[in-house]
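Trainee: Okay, structure incoming, though there's no sequence with it:
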């Protein structure tokens, strides 16, 4: 059973950032500053007033096995995967997808 808060799902959306760091030298998301950009996304969600129950949760994830395409993040419940480079990409994902409900096609990994 899904946990609900005040009649709503506890969080409307989860944004999982891969912050994996591989010790063997293979490409990984953390080599591309994934933790810092996750922290930035968390600050932006708070500034937009979207954090907390009924809103959006920015999450840290271990390896999601897509580091070669990364850095990567995935938005649930939609299951939309993105790659990103900088704060501007994070802003675009948050403003267009999270706030506006429209996926950012140019940053999507899985396109139909």
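Mentor: Good, I have the coordinates. The structure presented is a predicted model; accordingly, all values stated were derived computationally and were not measured.
Trainee: Quick check: beta-bridge partners of the residue most central in space within the chain?
Mentor: Nearest to the geometric centre of the chain sits residue 15, at 3.4 Å (CA atoms, centre = their mean). When bridges are called by DSSP bridges, residue 15 pairs up with residue 58, residue 75.
Trainee: tell me the contacts of residue 13?
Mentor: Contacts here follow CB atoms under 8 Å, 6 or more residues apart in numbering; on that basis residue 13 touches 55-57, 75-78, 98. Placement of C-beta: from N, CA and C, glycine included.
Trainee: Compare these and tell me which has the most neighbours.
Mentor: residue 56 (22 neighbours; other CB atoms under 10 Å).
Trainee: about what we covered before: for the contacts of residue 13, work out which two are farthest apart.
Mentor: Farthest-apart pair in those is 55 and 78; separation 15.4 Å (CB to CB).
Trainee: which stretches of the protein have low pLDDT?
Mentor: For the chain, the stretches with pLDDT under 70 are 1-9, 28-29, 111-112.
Trainee: Tell me where it has helices.
Mentor: 34-47, 87-92 (DSSP state H).
Trainee: Show me what the longest one is in contact with.
Mentor: Counting by CB under 8 Å, 6+ apart, helix 34-47 makes contact with 15, 17-20, 51, 55-56, 58, 60, 70-71, 73, 84, 86-87, 90-91, 94, 98, all of which sit outside it.
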